[in-house]
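Novice: Just need the structure, nothing else, for what follows:
(chains A, B and C)
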Amino acid sequence: MATTIISSPDAVRFRYDDVDHAYHEQRENRLTGIVLFLVSDVVLFSMFIFAYCYLRSSVPNWPPITQGGHQLPRFDTAFAEFNSIVLFGSGATMHFAMESWKHTNRPAFFRWLIATIILGAGFLGGQAYEYSTVSITWAGSTMGAAFFTLTGMHGFHVLVGVIFLCILGLQAQAGVYTGSKYFGLTAGTLYWHFVDVIWVALFFLFYLW
Amino acid sequence: MTVSSDALQHGVEDHIHPAPEGFIRKYVFSIDHKVIGFQYFITGMLFFAIAGSLAELIRLQLLKPEGAIMSNQAYNGVYTMHGTAMVWMVIIPLVTGALGNFIMPLQIGARDVAFPWLNMLSFWIFPVAGAILFASFLVGAPNAGWTEYAPISLQGPPGTTLWCVAIFLIGISSTLTGLNFMVTVIKMRCPGMTWTRMPLFTWATFATALINMVATVALSGALAALFMERVFGVPFYDPARGGSPVLWQHMFWFYSHPAVYIMIIPAFGVISEVLPVFARKPIFGYKMIAFSSMAIAILGFAVWAHHMFTSGMAPWLQLPFMIVTMLIGIPTGIKIFSWVATLWGGRLHFSTAMLFAMGFLITFTFGGITGVYLAAVPADLHEHGTYFVVGHFHYVVAGGSVMGLLAAIFFWFPKAAGRMLDERMGHWTFWLFFFGLNGTFFPMHWLGLFGMPRRYATYVEFAKIYPPAQLWNIVASASSLLMAAAMLLLFINILRSLVRGRPSGINPWGARTLEWTISSPPPYYNFKRIPIVLGLPYCFDEPLPYRNLDNEQDEIPKPHSASQAWMEATA
Amino acid sequence: MGMGPGFWPVTIGLTLLGIVSGILIGILPLDYLLPSSSLNVTDRGADIDFLFRFMSIIGNAIFVYVTGFVIYFAIAFRRRKHEPIESIGVQIHDLPALEFWWSIIPTVILCVLAIMSIRVWYLVQYGTGAPAFAVEVIGHQYNFEFRYPGLDRGIYNEMHLPLGRPVRVLVTSVDVLHSFWVPEFRLKADTVPGLVQNLNFTPQVAGTYLIECTEFCGVNHSFMQAKLIVEPQAKFNAWLDAQKKTAAVAAAPAASVAPSGSLALAGDAAAGKTSFKQKCSSCHKAEASDPEQDGPDLEHVFTNKAHPTLVNGQSVSPAHVAALIESGYKGSGPEAMPSAQQTGASAKDIANLTAYLASLK
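Specialist: Numbering: from 1, shown residues only, chains lettered A, B, ... in the order given. Sure thing, here's the model as predicted:
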């Protein structure tokens, strides 16, 4: 074939001279996709956080006063602190799991991954416990509406994350991922850290503020 | 750096997947971006017909001050469904789903979007959402207007809940499409297509995708809360239970103002493609147009509360929103002036697409100017919630988005179908639409200023203080029939062309973006060889800025030889 | 570059057209666009009309230029029949000087407009500083209620304002969103339940005007109008006095005090006691044997000399008590009382409760 010489040093981009180009192209696409998905997820949480702040700032007292004239109780910070430590701990174990994978230490990877799953499930259990003990209801007040909606959404994200991690574990077990191709694990880690970060905001908003 | 094109082709051709076999995989659950674009187009046009008929019902009702054909209740449902359907089921799916899907990957030299399966999912949510929306007529249509302000929407008929579900679903579809397009534009441009060589329609699609991805999620949040409040009684918006009706407005407009840009920016992109081609002249101020699309998209997130100047938000907040809103006028003005300057010194070919693009310049400019009237807080105190607003946004949406959409249909139909539309019928379509549009929406401005509020099923009291009210409403109603006739003519034109339109060839217009270098309709894989881009697609005195093209065997094509057929047809 | 045939004459012509039509917009009364514009019905309305005039002059010039040039280019640069299809236009990509000016000039104009708007906005929001006569507007589905100082019942669907005196209109709503709009005044504010907005202006022309609701409020939205009468101070005072007399003489019409018409029903004190236990006793004490509560004691509400008025400042009469039970009370924080709608008290319950409280002499 005739060789056409192109000289355009500033502009021409090549991504096709790599033997693994298909994989890398897909990986890049998916990574960008995951990041953008998380951005839009942040917007979703932000909307409800905005709603919470708005409703909170539009009444003189918070927690609000019910129609019966009673002020609602504040949330139990002590238990939530404990539960938060569980969730943040799971973030750390996820980090270690990923590091182990990168150092091709598979047994350590599985240990850390299982620890992450257990901690994540533990957080969900803790949240279920809190739901059962808290004295306000979802439909009872704006505080309940914001609290249950936001923590419920977050809990749903944790639940999805736990399932996601279980699937990743099974896939890793089955040999889907290799030392250099492990995009699923990267995505799982990103998602899991994202869930952690959201919780920081929620913890501040509901328990400390 | 010098590289041989042999090296470039390595590992490229082996990438092509075989086209799917079988009707279902080919036409129904297709993952091909072009087929999905057609699906969006057909579904969107179907909903367009329904929503347009609802508009005619509105115009019929207003023929008499006391209401000509239906009860208040029915009328409230009709205009709510008209607005909802036009925004979410017609304009947004057509300009992002149909145009974006079909054109954008071709323009960036890609074989498909980044996530084809996701794309198919996005599309199939759309007809389902549309069916749910129109099903609400069966259980009591929502009636509080397309904005569904709380707390009246909390008391609305059962259809309001279906409305929530339908819009939530279409919102998910929009978000996924936005995400998909973002990744596609960021990651899948062909070699050499730098950001400053991207065609302007692709720039517009990119800016739109950003808004779609970010803002639509906010709408999902607002709708989820409305749904929860209606169904489970969770207090967000009901003032009697500690909620705030103004909160709904904030959450709704945080999406719905950017949604205006979702509707108009793709039309900007279309105009930016059509004008240079038929002026035979580079687009004037390429970078300014591209940047102002992004500026509008980003500033668009900081202006939502200008819909709420009378709504009872903190007074001091009104000022920043007014100022940012006025700021948006600057990039918009720059775009308009640049388009007008694109015509300056050109060789103008008056194809139908060009007529629509030039009509757009006039109607959209008018809509933009009345937008400034609404941005100034004190003037808005008079105009808010009146027919002035209705006139303004119809000039922007019908005179902007729909004009852009029609330009796009006449411009890209030959590429999509491989057959030309009839230009003579096209000219009729344009003039009917243009006069119909102005006749319908122009009188609304002074009707509003004289005191006609929107969403009034009857206007007896208003007609007493402003006797010509009925006359102008009759003018508007009569003119709206011209628009309906234009759409009917377009429909006939499309059907006729599909049956016995003249073959269009590769490049009937002498256009220079990448989609005009491949056959019409494009093959399944779009590009057998991924092209290489060397420059902007708007320099008519230079050879095409591409290498490695499928049809030209790396030869430099003559720019306009293909448009001979079109010239003969229109001579 | 070649400007094109007749470029300068066209440009000058369009400029002249813009200027001449701008001058016409500037000096002609705006009555063809805005109702009663030349009368200056209110001071703020006149300010808004001035803004409108300013925007119209600028907007008209821009529209004349854009449309004029589009049409001129369409004629001057159309491809002639004899020109080959390959012929191309001037290959020019930009003109930085032109782009600079068409970015800067609109920016400056918008700045001027913003400054002018801020001034008017301030006057509408906060008034001119002169003491203002306050009138409350309350939106109901589907009528307007107006409340005047010193008149403890609402007037429905007819608003009176004194001529030439600064007015502050306070708008709110009891049910859903409505909007208070007087087209001739150019002023509008949504009535939002739980929020009070205000509009400050001075009516300058006596007459009868139309008030319209412009925020969708339900099936009969398009029937929601009211009459506004601007009249000289003396006439206004006479009207207000007459209203006060009517209010004092007749027991206030049930419709205006307790809209559900509870007063028309004869109350049963015994049934009222039961209702009180169910609906009120968590906050109020009614009999000596009841436990102390956070809310005010209602033991001798009709005879208590220490508290001659109700919490909302009205005198203690059965009508007012019933109205208060019906409407509830929105105080700040703990002293809030839910409305009858929230407690689920029917008109009959309200009548019973009132009878019960009245029996606690």
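
Novice: alpha carbons only for contacts and neighbour counts from here, please
Specialist: OK.

Novice: can you give me the mean pLDDT across the longest helix belonging to chain B?
Specialist: The helix that spans the most residues within chain B, counting by DSSP state H, is helix B:245-279. Rounded to a whole number, the mean pLDDT of helix B:245-279 is 95.

Novice: Next secondary structure after it?
Specialist: For helix B:245-279, the following helix or strand on the C-terminal side (DSSP states H and E) is helix B:286-299.

Novice: immediately after that next one, which helix or strand?
Specialist: Per DSSP H and E, the helix or strand that comes after helix B:286-299 is helix B:315-343.

Novice: what's the first-to-last distance across stretch C:120-136?
Specialist: 22 Å (C-alpha to C-alpha, to the nearest Å).

Novice: just for chain C, where's the confidence low?
Specialist: C:1-2, C:248-266, C:294, C:304-309, C:312-313, C:315, C:330-335, C:361 (pLDDT under 70).

Novice: would you list every one of the strands in it?
Specialist: C:133-140, C:143-147, C:155-156, C:158-162, C:167-173, C:178-182, C:187-191, C:197-201, C:207-212, C:225-231 (DSSP state E).

Novice: quick one, the fifth one and strand C:187-191 angle?
Specialist: So that's strand C:167-173. Per axes from the mean of the first three to the mean of the last three C-alpha atoms, to 10 degrees, the angle that strand C:167-173 makes with strand C:187-191 is 30 degrees.

Novice: ok, residues contacting strand C:167-173?
Specialist: C:127, C:132-140, C:161, C:180, C:189-203 (C-alpha atoms under 8 Å, 6 or more residues apart in numbering or on different chains).

Novice: Just the buried residues of these.
Specialist: For those, a burial check counting by 16 or more other C-alpha atoms under 10 Å in any protein chain shown picks out C:127, C:132-140, C:161, C:180, C:189-203.

Novice: Those also near chain B: which ones?
Specialist: C:A189, C:D190, C:T191, C:V192, C:P193, C:G194, C:L195, C:V196, C:Q197 (C-alpha under 8 Å from any C-alpha of the partner chain).

Novice: So what pairs up with the third one in the strands?
Specialist: According to DSSP bridges, the residues that bridge with C:T191 are C:H178.

Novice: and if you look at the last one?
Specialist: Under DSSP bridges, the beta-bridge partners of C:Q197 are C:V171.

Novice: For it, give its distance to C:Q125.
Specialist: Taking C-alpha to C-alpha, one finds C:Q197 at 9 Å from C:Q125.

Novice: again, but for the second one
Specialist: Here C:D190 is placed at a distance of 14 Å from C:Q125 (C-alpha to C-alpha).

Novice: And the fifth one, by the same measure?
Specialist: Noted for C:P193: a distance of 19 Å to C:Q125, by C-alpha to C-alpha.

Novice: Residue 175: neighbour count?
Specialist: In the absence of a named chain, this looks at chain A. For A:G175, the neighbour count with other C-alpha atoms under 10 Å in any protein chain shown is 9.

Novice: my bad, chain B
Specialist: 25.

Novice: Without its sequence neighbours, what residue ends up closest to it?
Specialist: Excluding the flanking residues, the one nearest B:T175 by C-alpha to C-alpha, 6 or more residues apart in numbering or on different chains is B:M213, at 4.5 Å.

Novice: And the strands of chain C: which comes nearest C:H93?
Specialist: strand C:187-191 (46.9 Å; C-alpha to C-alpha).

Novice: could you give the angle of the closest one to strand C:133-140?
Specialist: Using the same axes, to 10 degrees: strand C:187-191 against strand C:133-140 is 50 degrees.

Novice: ok, and what's touching strand C:187-191?
Specialist: B:310-312, B:381-382, B:384, C:45, C:138-139, C:171-173, C:177-182, C:197-199, C:215.

Novice: can we see that at 6 Å?
Specialist: If you take C-alpha atoms under 6 Å, 6 or more residues apart in numbering or on different chains as the criterion, strand C:187-191 is touched by B:T310, B:S311, B:L381, B:H382, C:V171, C:T172, C:S173, C:L177, C:H178, C:S179, C:F180, C:W181.

Novice: could you flag which of the residues you listed are buried?
Specialist: Counted by 16+ other C-alpha under 10 Å, the contacts of strand C:187-191 give B:T310, B:S311, B:L381, B:H382, C:V171, C:T172, C:S173, C:L177, C:H178, C:S179, C:F180, C:W181 as buried.

Novice: can you confirm the residue nearest to B:T175 is in a helix?
Specialist: Yes. With DSSP: H, G, I helix; E, B strand; the rest coil as the criterion, B:M213 is part of a helix.

Novice: Tell me where chain A has helices.
Specialist: In chain A, the helices defined using DSSP H lie at A:21-57, A:77-102, A:106-133, A:142-173, A:183-203.

Novice: Now the fourth one: buried residues?
Specialist: Under the neighbour-count criterion of 16+ other C-alpha under 10 Å, helix A:142-173 has A:142-151, A:154-155, A:157-159, A:161-162, A:164-166, A:168-169, A:172 buried.

Novice: do the same with the first one
Specialist: If you call a residue buried by 16+ other C-alpha under 10 Å, then helix A:21-57 has these buried ones: A:25, A:27-52, A:54-56.

Novice: and for stretch B:48-61, what are the contacting residues?
Specialist: B:G67, B:A68, B:I69, B:H82, B:A85, B:V90, B:S477.

Novice: re the thing from before, relative to chain A, which of the buried ones among the contacts of strand C:187-191 is nearest.
Specialist: Among the buried ones among the contacts of strand C:187-191, B:S311 lies closest to chain A (C-alpha to the nearest C-alpha), at 14.9 Å.

Novice: What score does the closest one have for pLDDT?
Specialist: 90.

Novice: B:A511 versus the residue lying closest to it once chain neighbours are set aside, what's the distance?
Specialist: Excluding the flanking residues, the one nearest B:S311 by C-alpha to C-alpha, 6+ apart is C:D190, at 5.3 Å. For C:D190, the distance to B:A511 (C-alpha to C-alpha) stands at 51 Å.

Novice: mind checking how far B:S272 is from B:F252?
Specialist: 30 Å.

Novice: Neighbour count for these two, which is higher?
Specialist: B:S272 (27 against 24).

Novice: neighbours around the residue in chain C positioned nearest to chain B, how many?
Specialist: Taking C-alpha to the nearest C-alpha, chain B has its nearest neighbour within chain C at C:G89, 3.8 Å off. C:G89 has 23 neighbours, counted by other C-alpha under 10 Å.

Novice: same question, C:W8
Specialist: For C:W8, using other C-alpha under 10 Å, the count is 11.

Novice: One more: B:S497?
Specialist: The burial count for B:S497: 20, using other C-alpha under 10 Å.

Novice: Just to check, it is in contact with B:D422?
Specialist: No. Applying C-alpha atoms under 6 Å, one finds B:S497 not in contact with B:D422, separated by 7.1 Å.

Novice: Let me know the helix or strand that the closest residue to chain A within the stretch 51-200 of chain B is in.
Specialist: The stretch 51-200 of chain B approaches chain A most closely through B:G192 (3.8 Å), counting by C-alpha to the nearest C-alpha. Using DSSP H and E, B:G192 maps to neither a helix nor a strand.

Novice: State the pLDDT value of residue 70.
Specialist: Defaulting to chain A. pLDDT, read off for A:H70, is 80.

Novice: that's the wrong chain, I wanted chain B
Specialist: So B:M70 comes in at 93 (pLDDT).

Novice: now it, what's its secondary structure?
Specialist: coil.

Novice: Go ahead and flag the most central residue of chain C.
Specialist: C:A189 (2.6 Å; C-alpha atoms, centre = their mean).

Novice: mind listing the helices for the stretch 201-350 of chain C?
Specialist: Counting by DSSP state H, counting those that start in this stretch, residue ranges of the helices within the stretch 201-350 of chain C are C:233-249, C:254-257, C:269-279, C:318-327, C:340-343, C:347-358.
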